[in-house]
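J.: What follows is a predicted structure for the sequence shown.
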Amino acid sequence: MSPAEATPDPAAVTPGPADAGPGAQVCHLYRLRPGAEAEYERRHAEIWPEMSALLDEAGIYDYHIYRHGLLLVCVLRTRHGFRYADRVTGASAVQRRWTQSLAHLFAEIADADGEPLWAYPVFHHAGRPPAD
């Protein structure tokens, strides 16, 4: 295996939003309060249509949230880069209402400096697509 095969493709996996251009993957973490798991899952199963529309407007796609106990792992891509998506969602009253409606469920959403809990890639295996 060559070093290039073992190194993540920076265009496909980005360690945070600062340079996350179109299509780059971004990952951040949240920690729920004990007992909040069921409500968090229910709320996302019933996402507001206007919140889903805002994600589309911001160019957010391929968005997954995984849960392990109280830890949430959020992975997404953006059509126009993360900064654009962040500006669109940050300016939205819908986003503010959604965030406020979930705030009581979270134990941790940012570090001591107020920065999101960005997860940094350490490995990427693109593999081969399945044969047709």
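T.: Structure received.

J.: where along this protein do the helices fall?
T.: Secondary structure of the chain (DSSP state H): helices located at 3-6, 37-45, 49-57, 82-90, 93-102.

J.: so where's this protein uncertain?
T.: Scanning the chain with the threshold set as pLDDT under 70 gives 1-19.

J.: change it to 80
T.: Counting by pLDDT under 80, the chain shows low-confidence ranges at 1-20, 132.

J.: Report the separation between the nearest residue to Glu50 once chain neighbours are set aside and Arg42.
T.: If you skip the residues right next to it in sequence, Glu50 has Val94 as its closest partner in space, 5.0 Å away by C-beta to C-beta, 6 or more residues apart in numbering. Every C-beta, even on glycine, is put in place using the N, C-alpha and C of the backbone. Here the distance between Val94 and Arg42 works out to 19 Å (C-beta to C-beta, to the nearest Å).

J.: Between the two, which has more neighbouring residues?
T.: Val94 (17 against 9; other C-beta atoms under 10 Å).

J.: Many thanks, I have nothing further to ask.
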